[in-house]
Each structure stands twice: as structure tokens, then as C-alpha cells.
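Colleague: got a predicted model here, sequence first, then my questions.
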Amino acid sequence: MGVPRQRRRSLARKYTAFTVAVLLWSAAIQIGLRLGSGGAPFDWWELAVIAVGAPFLAALISRFTHRILAQPLARLEAGIARIRKGELEHVQVSPTGDEIEFLGEGFNAMVDALSESRRTVAEQQEHLETRIRERTEALEEATGRALAASKAKSEFLANISHELRTPMNGVLGMLDIVLDADLAPAQREQVETAKNCAHTLLALLNDLLDLSKIEAGRMALESIPFSIQEVVKGCVLAVSPKAAEKGLEIRTTVEGDVPATLLGDPLRVRQILMNLVSNAVKFTEEGSVEVRVSRGKQTANQIVLQVAVADTGPGIPADKLTTIFDEFTQADGTVSRRFGGTGLGLAITRRLVELHEGSIRAESEMSKGSTFLVDLVLGYVAPPAAPEPADAPALLDEPKRETPLGEKILVVEDNAVNLKVVNAVLVKFGFQVTNAHNGVEAIAALEKQDFALILMDIQMPVMDGLATARRIRTEERWRVIPIVAMTAHAMRGDRERCLEAGMDDYLAKPVSPARLIEAVRANLRRAAEAGAGAPPMTATPPLAVAPMSVPAIDVPAAEPPVSATPNPPIDTERAAHLMDGDEQLRTGLTLLFLQLAPERLVRLHAATLRGDTLALRTQALKLQSAAERIAATAIAERAASIADIAATQPANYAAAELAFLEADIAALDDYMRPEREAFEEAASLVWR
Ligand code: ADP
């Protein structure tokens with residue numbers, strides 16, 4: 001800004017020019033006067049003195065003004081330039097006692113004031129940052145606690161509902177016995193009323209049990225072959241007395257290209273359909289109810305089943321079309337008085353549909369009717385492939401003849417893709433499959449039914465494979481069930497750890513269908529012989545046959561042995577489950593986590609450098625629980641491994657894992673970039 005330095009003329013130079021001009025002017029006047037008055041003749045000597053003396057005098061004056069005026073001003077100018085660059089320094093002030101000295105002192109006082117205010121701002125900023133950090137940490141912890149509390153609530157509800165159901169069944173049984181006896185008509189009516197009430201209560205308890213089981217992540221879906229035609233028929237049959245009573249027509253269409261056999265949990269599919277069909281019949285006073293089943297997208301082993309349930313009932317107001325899927329929500333306040341119900345049916349239906357990775361929505365026109373549209377992702381058994389070539393490996397020729405049909409296998413795996421592939425392979429070879437997503441679900445499944453074999457992933461949330469195997473082996477009744485580990489670990493000692501935990505066999509991922517089936521069969525055979533006391537084998541030897549000629553689907557590894565994991569850093573399914581499907585909360589918490597991560601890493605590094613194993617373990621465990629809260633599985637596992645190291649070894653042994661942890665956090669940061677940018681954009685709009 002201002003005039004460029006090279007174009008400026010110094011004050012001293014200007015003053016010199018002015019003095020020279022004044023001197024020359026007064027000399028000219030004097031000469032002029034002398035000539036005009038006819039006085040003394042023109043003196044060349046005097047002229048020479050004036051010509052030389054005037055510039056000399058001017059130079060002297062210039063030098064003087066330069067010293068007392070231009071120099072201090074130049075110092076001030078340099079001081080201003082330094083301030084502009086952010087350097088708050090005093091300028092040198094000469095004690096001249098004039099305005100220039102006051103100006104210099106004023107300038108220095110201004111510099112002092114600026115330094116002071118800069119220091120205050122820096123202190124306040126630091127204080128603010130510390131407070132933001134503390135608040136962020138507190139917020140993160142509070143959210144974690146709230147989520148844990150919500151989980152505990154769901155667990156509690158799931159348990160208590162179960163405890164309530166048992167005595168309710170007793171009450172109903174006793175009422176039936178009383179009704180069998182000879183009763184006076186009035187008493188019979190009273191007991192009938194009591195029985196109706198007990199039935200309503202039991203239905204409500206069942207709904208609550210289902211809802212809390214889903215919320216607590218304890219609803220495991222089966223994967224067995226079933227016929228959707230049969231399911232539709234069963235539902236229609238169940239509601240037909242009520243429909244007949246109202247004079248409603250029920251039409252069903254299952255399109256021709258829907259496979260006759262699907263893989264899934266027929267009980268849960270029936271529950272979804274039943275809720276929709278019974279609502280349609282309940283709310284429709286005249287006209288018809290129609291159930292249509294058609295085929296959506298299809299892959300090699302999956303199919304999207306599209307179900308539509310349409311009625312000619314009262315319709316649902318547009319503003320209620322989405323809220324009716326919330327718990328305890330009814331479209332119309334008079335509904336429960338007129339038709340009964342609690343508003344839980346559609347909430348459960350939505351949750352069940354989500355468990356099937358599907359979607360549900362309603363369309364409606366008031367007084368014309370409503371249509372509920374559901375998409376479900378189900379397994380699909382492809383029709384038998386063309387006959388095997390003559391040189392196909394002997395092991396897998398006509399596998400179904402070799403495999404005893406219907407043996408039940410529990411697959412414990414948290415990765416949805418792996419689960420589907422393993423299911424498809426097992427079902428293809430004639431086994432019945434039940435799935436669990438973690439150790440806790442696996443134990444719950446074992447409590448419910450017997451299994452011939454367990455396939456167990458090692459790295460899982462909640463309870464990992466090793467802990468689950470140990471837990472299973474503590475129970476006498478489950479001691480004989482063969483457990484085959486499926487693990488992405490390819491590190492030395494992993495096999496031993498699996499066997500030590502009580503597992504019988506070990507499969508390293510990626511597992512080919514041939515290896516999977518071979519291991520399952522070998523262990524089933526061994527278990528059958530174990531009745532005669534045969535010891536468990538240490539591991540399945542590598543398969544010495546050519547790759548199988550049936551579709552060669554390799555089970556993708558959940559995590560490779562190195563840190564460059566191809567899996568997304570967040571287990572989105574688990575995160576959705578943890579945060580009840582709240583995407584905003586998920587993003588917010590993950591961004592909070594990333595904001596705090598650098599400081600946490602600094603603390604971990606500092607503890608490692610100090611050799612402070614206690615601090616290292618504490619910090620690692622803190623980081624682990626923070627990562628678990630956002631389902632950042634890889635980071636949580638890495639932090640857990642650092643905590644393990646800190647518990648048993650010197651702190652510097654954790655250095656390599658710490659480097660991997662940093663890489664994992666960087667991967668998460670990268671993964672969250674779009675969300676972070678969107679968030680920053682939104683924040684800048686707010687602050688602007
Ligand atoms: P409930 O039937 O126990 O009230 P639901 O969750 O099954 O609970 O249904 C929630 C609400 O959605 C019902 O109360 C009703 O208002 C509305 N609704 C559901 N299905 C229909 C339908 N077919 N026609 C009109 N309204 C419906």
C-alpha cells in the first residue's frame with residue numbers, strides 16, 4: 001500500500017531543495033535590487049560566494065533535518081513494517097525532548113499494549129482449546145455411557161420378558177383347566193374374559209421380547225431351505241376366519257419366477273408377512289386384501305424377494321406413513337380402542353426386515369386403501385450345475401451322497417459377506433445352517449438347539465472366537481461338539497492358540513469351499529469316532545487335490561495379516577446397531593474420535609518412550625473402548641493388542657503395533673473425509 005519506496009523523496013531532500021530555492025531567490029532579489037537602485041557594480045566575487053555558499057548552506061540544513069526528522073521517522077516506519085510482519089519490537093528513541101521523541105515513545109507504548117493483548121488472546125485460546133478437549137472427551141464418554149445404558153436396558157427387557165412369559169403360560173394353562181370343568185355360565189364368561197386378557201398380555205410380552213431381543217442384538221436368523229409359497233399359504237390360512245367373518249376377499253399371487261426354495265429364516269419371514277396381512281384384515285371393513293410376491297435382483301446365491309400387501313381399508317394419513325414404523329405409534333388415536341393393538345407390530349416388522357438387509361415402506365390413499373411394500377434379501381439355492389467333468393477331484397464328486405443330510409452347523413462370524421458365502425457352501429452340500437454374529441449369540445444358539453459342528457471366526461466383537469471356544473468347553477454337554485476356527489490370522493502361534501482354546505481344527509482364510517467342506521466332514525467323522533475315545537486331531541492337513549470344479553467361491557478374508565486392511569475401518573453394520581441406525585450420531589461420534597485421536601497417539605507414544613507400561617496400558621484401553629463405541633474394529637483390536645503387550649512386556653515392544661495403529665487411524669481419517677468435509681462446510685456456514 002502507499003507510494004513505492006523507490007519513488008519516494010526523502011523529507012531531507014525536499015527540505016534541501018526548498019532551502020536552496022529560498023537562498024537563490026533571496027540572492028536574486030538582492031542582486032536585482034542592487035542593479036535597480038544603480039548601487040554598487042555587479043560583484044563576480046559576491047556571486048561566486050552566493051553560488052557556492054547557498055548549496056553548501058542547504059546541504060548543512062539538509063543534514064541537520066535528516067538527523068532530527070527523517071532518521072527517527074525512518075526508524076518508526078521500519079518499526080511499523082515489523083509490526084505488519086507480526087514482530088512486536090520497540091524502536092530506538094533519541095532523547096530530543098520534542099514531538100519526535102514523544103511519537104517514538106507513543107509507538108513503543110503501543111507495541112507494549114499489542115504484545116500484552118496478544119499474550120492474553122493466546123492464553124485464552126489455549127484455555128479454550130483445553131476446555132473444548134475436555135468437553136469433547138466428556139461428551140464422548142457420556143455418549144458411550146448412554147449407549148451402554150440403552151444396551152443394558154434392552155438386555156434387561158429381553159431377560160425380564162422371558163421371565164414373564166413363563167408364568168403367563170402357566171396362567172393360561174390353568175385357565176384352560178378351569179374352563180374344562182363344569183362352570184356356571186357367569187363364571188365361564190368371567191374366566192373366558194380372564195383368558196382373553198391373558199392372551200392379549202402374552203401377545204404383548206411376545207412383541208416386547210422380540211423387540212428387545214432385536215435391540216440387544218440377540219436375534220439370530222436361521223438359514224435353512226424353505227418355500228415362500230408355503231409361508232404365504234400359512235399366513236392367509238391363519239387370517240381367513242377373520243376375513244370370512246368380515247366378508248373380505250383374500251387374493252395371493254406368487255410370481256412364476258420366484259424360486260421354489262429359498263434360504264433363510266422361515267419363522268421370521270412368516271412373522272413379517274403375518275404382521276402385514278393381519279393388519280390389512282384388521283383395518284379393512286370391506287373389499288379385499290391382496291398379497292403379491294415377486295422376484296427382484298438376483299446374484300449367484302442371493303435374491304431380493306419383493307412382497308406387497310395391499311388392502312382396500314381406511315388408508316393412512318400421509319404424515320403418518322413413516323411414523324407408523326416407530327414403536328408404540330398408531331396412525332389414529334382411536335385405533336387401539338377400536339381394534340386393540342399396541343403399535344409394536346410394524347416396529348418389529350421393520351426391525352426384522354432390517355435384519356434381512358431389506359427395506360419396508362407404505363403407500364396409501366385415504367378411504368381407498370394402503371399397500372405395504374417389503375424387500376427382503378434371502379439366500380437362494382441355484383439349480384444343480386451341469387455334470388462334473390470326468391477328471392473332477394474324487395473328494396467332491398457328488399458330495400451330497402457322501403454328506404449325511406441335515407446335520408446342523410453353527411456358523412459364528414461377524415462379517416456379513418463371509419457369512420453368506422460360508423452359508424451358501426454349506427447349504428449346497430446339504431447341511432443345515434444357523435448363524436451367530438458373535439460369541440454371545442453363539443452361546444445363546446447353543447442353549448436353544450444341538451449342533452453337530454461349530455465354525456468359528458476368531459476376530460469378532462462382543463466375545464471373540466477364542467473366548468467363546470473356552471466358554472463352550474467349560475460345559476460338559478458341549479465338550480464333544482467339534483469347533484473349527486476360521487481365521488484371517490496367518491501368524492505363527494495362531495493355530496496353537498486356537499487349539500489351546502479348545503478348538504479341534506483350524507482353517508486359514510481365505511477358505512476355499514473344498515477346504516471348508518473337507519474340514520467340516522473330517523471333523524464330523526472324527527466326532528463320530530470320538531464316541532470311541534479318539535483324540536482330537538491337531539489340524540486338517542492341506543488338501544492334496546486339484547481345486548474343486550463346483551463354483552469356486554473363495555471366502556474373502558475378514559482381515560489380512562498385515563495392517564493394510566481392505567475392510568472399511570468402521571464396521572458399519574455394527575455401528576448402525578450400536579447407534580440404533582442413527583447415521584448422524586455415527587458420523588458425529590466418529591469425527592469426535594478422530595479429533596481426539598492425535599492427542600491420544602501422543603500420549604501412547606510418550607508412555608512408550610518413558611517405558612511407562614501402566615500408562616501405556618491405561619491409554620490403550622481407553623482408546624480401545626472409544627474405538628469400540630464407534631465400531632472401529634481394526635483400531636479397537638490394535639489398541640487391545642497394545643494393552644496386552646503393555647500388560648506383559650516392556651513398553652517399547654509396542655512400538656510396531658503403535659505404528660500400525662497410526663496407519664489404522666489414518667485409514668479411518670481417510671474413510672471419513674467426505675463426511676468431515678461436509679461437516680466442515682456446514683460448520684463454516686453456521687459461523688459465517
Ligand atoms: P397395532 O396394529 O398394534 O396398532 P402396528 O405397528 O401394527 O400396531 O400398526 C401401527 C399403526 O399403523 C396402526 O395402529 C394403524 O394406525 C396403522 N396401520 C397399520 N396397518 C394398516 C393398514 N393396513 N391400514 C390402515 N392403517 C394401518
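Modeller: Now that the structure is in, tell me what you want to look at.

Colleague: for residue 444, what is the enclosing helix or strand?
Modeller: For residue 444, the host element (DSSP states H and E) is helix 439-448.

Colleague: which other residues reach the very next helix or strand once past that helix?
Modeller: As assigned by DSSP H and E, the chain's next helix or strand after helix 439-448 is strand 453-457. Contact with strand 453-457 is made by 407, 409-415, 418, 422, 442, 465, 468-469, 472, 481-487, 503, 516, 520, 523-524, 527, 558, as judged by C-beta atoms under 8 Å, 6 or more residues apart in numbering. Backbone N, C-alpha and C define where each C-beta goes, glycine included.

Colleague: would you mind writing the CA trace of strand 453-457 as CSV?
Modeller: Extracted C-alpha coordinates of strand 453-457, given in CSV (Å, rounded to 0.1, in the frame of the first residue of the first chain):
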residue,chain,number,x,y,z
LEU,A,453,-20.3,-78.7,14.5
ILE,A,454,-19.3,-75.1,15.0
LEU,A,455,-17.4,-73.0,12.5
MET,A,456,-15.9,-70.1,14.5
ASP,A,457,-14.4,-66.8,13.3
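
Colleague: got the angle between whatever helix or strand comes next after that strand and helix 439-448?
Modeller: Scanning forward in sequence from strand 453-457 by DSSP H and E, the next helix or strand is helix 465-473. Orientation check (axes from the mean of the first three to the mean of the last three C-alpha atoms, to 10 degrees): helix 465-473 against helix 439-448 gives 20 degrees.

Colleague: re earlier: which members of the contacts of strand 453-457 occur in strands, if any?
Modeller: Using DSSP state E, the subset of the contacts of strand 453-457 located in strands is 409-412, 483-487.

Colleague: same question for stretch 124-133, mean pLDDT?
Modeller: The average pLDDT for stretch 124-133 rounds to 87.

Colleague: what packs against the helix holding residue 444?
Modeller: strand 408-412, strand 432-436, helix 465-473 (3 or more C-beta pairs under 8 Å, 6 or more residues apart in numbering; DSSP states H and E).

Colleague: avg pLDDT for the first one?
Modeller: Averaging the model's pLDDT scores along strand 408-412 yields 92.

Colleague: residues in contact with it?
Modeller: For strand 408-412, the surrounding residues in contact (C-beta under 8 Å, 6+ apart) are 419, 422-423, 426, 431-439, 441-442, 445-446, 449-457, 460, 465, 468, 520.

Colleague: mind redoing it with 6 Å?
Modeller: If you take C-beta atoms under 6 Å, 6 or more residues apart in numbering as the criterion, strand 408-412 is touched by 422, 426, 431-436, 442, 445, 451-457.

Colleague: low-confidence stretches in the stretch 251-400 of the chain?
Modeller: Residue ranges of the stretch 251-400 of the chain with pLDDT under 70: 329-341, 381-400.

Colleague: where exactly do the helices run in it?
Modeller: Counting by DSSP state H, counting those that start in this stretch, the stretch 251-400 of the chain has helices at residues 266-283, 335-339, 345-355, 399-402.

Colleague: can you list those in TSV and add mean neighbour count?
Modeller: Below are the helices of the stretch 251-400 of the chain laid out as TSV (neighbours: other C-beta atoms under 10 Å):
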stretch	mean neighbour count
helix 266-283	21
helix 335-339	12
helix 345-355	21
helix 399-402	12
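
Colleague: near the ligand, which residues of the stretch 151-300 of the chain show up?
Modeller: For the stretch 151-300 of the chain, the contact set with the ligand under C-beta under 6 Å from any ligand atom comprises 279-280, 283.

Colleague: so how far is residue 292 from the residue nearest to residue 285 when sequence neighbours are not counted?
Modeller: Take residue 285 and drop its neighbours on the chain: the residue closest to it by C-beta to C-beta, 6 or more residues apart in numbering is residue 246, 6.5 Å away. Per C-beta to C-beta, to the nearest Å, residue 246 is found 21 Å from residue 292.

Colleague: look at those two and report which has more neighbours.
Modeller: Set side by side, residue 246 and residue 292 show more neighbours around residue 292, with 17 against 13, by other C-beta atoms under 10 Å.

Colleague: could you give the number of residues near residue 237?
Modeller: 10.

Colleague: rewinding a little: buried residues, the helix holding residue 444. List them.
Modeller: Residues of helix 439-448 classed as buried: 439-443, 445-446 (neighbour count, 16 or more other C-beta atoms under 10 Å).

Colleague: over to stretch 73-91?
Modeller: 75-76, 79, 83, 88, 91.

Colleague: could I get those as JSON lines with secondary structure?
Modeller: Shown next, in JSON lines, are the buried residues of stretch 73-91 (DSSP: H, G, I helix; E, B strand; the rest coil):
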{"residue": "75", "secondary structure": "helix"}
{"residue": "76", "secondary structure": "helix"}
{"residue": "79", "secondary structure": "helix"}
{"residue": "83", "secondary structure": "helix"}
{"residue": "88", "secondary structure": "coil"}
{"residue": "91", "secondary structure": "coil"}
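
Colleague: the ligand: which of these is nearest?
Modeller: Minimum distance to the ligand across the buried residues of stretch 73-91 is 69.0 Å, recorded for residue 88 (C-beta to the nearest ligand atom).

Colleague: quick one: pLDDT of the closest one?
Modeller: Reading off the confidence values, residue 88 has pLDDT 86.

Colleague: what sits against it?
Modeller: Counted by C-beta under 6 Å, 6+ apart, residue 88 has contacts 111, 114-115.

Colleague: leaving out chain neighbours, which residue sits closest to it?
Modeller: Nearest residue to residue 88, sequence neighbours excluded (C-beta to C-beta, 6+ apart): residue 115, at 4.7 Å.

Colleague: correct me if wrong, but that neighbour is in a helix.
Modeller: Yes: Residue 115: assigned to a helix according to three-state DSSP.

Colleague: what's around it, how many residues?
Modeller: Neighbours of residue 115 using other C-beta under 10 Å come to 13.

Colleague: phi, psi of residue 47?
Modeller: phi -60, psi -40 (degrees, to the nearest 10).

Colleague: any idea how far it is from residue 19?
Modeller: Distance from residue 47 to residue 19, by C-beta to C-beta: 19 Å.

Colleague: out of those two, which sits in the busier spot?
Modeller: Taking other C-beta under 10 Å, residue 47 and residue 19 do not tie; residue 19 has more neighbours (19 against 12).

Colleague: tally of neighbours for the closest residue to that one other than its chain neighbours?
Modeller: Nearest residue to residue 19 in three dimensions, chain neighbours excluded: residue 58, at 4.3 Å (C-beta to C-beta, 6+ apart). Residue 58 is flanked by 20 other residues according to other C-beta under 10 Å.
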